[in-house]
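Participant: coordinates only, sequence not included:
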């Protein structure tokens, strides 16, 4: 039973890894990129800071 669980877990891990590589390649071909939730959060925070700086600058 333990060997079956280990085999299933290893197979699932390899399939997820291969799927991730495939999706990243396909998205990269079309100029799209995948980002993690942490990176996306940092990008949103940076965008908010830029918007605040734009609001302060008066033309």
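Facilitator: Ah, there it is. Treat the numbers as computed from the prediction; the structure is a model and nothing was measured. Numbering: from 1, shown residues only.
Participant: State which helix of the chain is the longest.
Facilitator: In the chain, assigned by DSSP state H, the helix with the most residues is helix 2-29.
Participant: C-terminal to it, what's the next element?
Facilitator: helix 37-56 (DSSP states H and E).
Participant: which helices and strands does that next one pack with?
Facilitator: Helix 37-56 sits against no helix or strand, with contacts defined as 3 or more C-beta pairs under 8 Å, 6 or more residues apart in numbering; DSSP states H and E. Using the backbone N, CA and C atoms, a C-beta is placed for each residue, glycine as well.
Participant: could you give the mean pLDDT of it?
Facilitator: The average pLDDT within helix 37-56 is 84.
Participant: Centre of the chain to that helix, how far?
Facilitator: In this view, helix 37-56 has its centroid 18 Å away from the chain centroid, taken as C-alpha atoms, centre = their mean, to the nearest Å.
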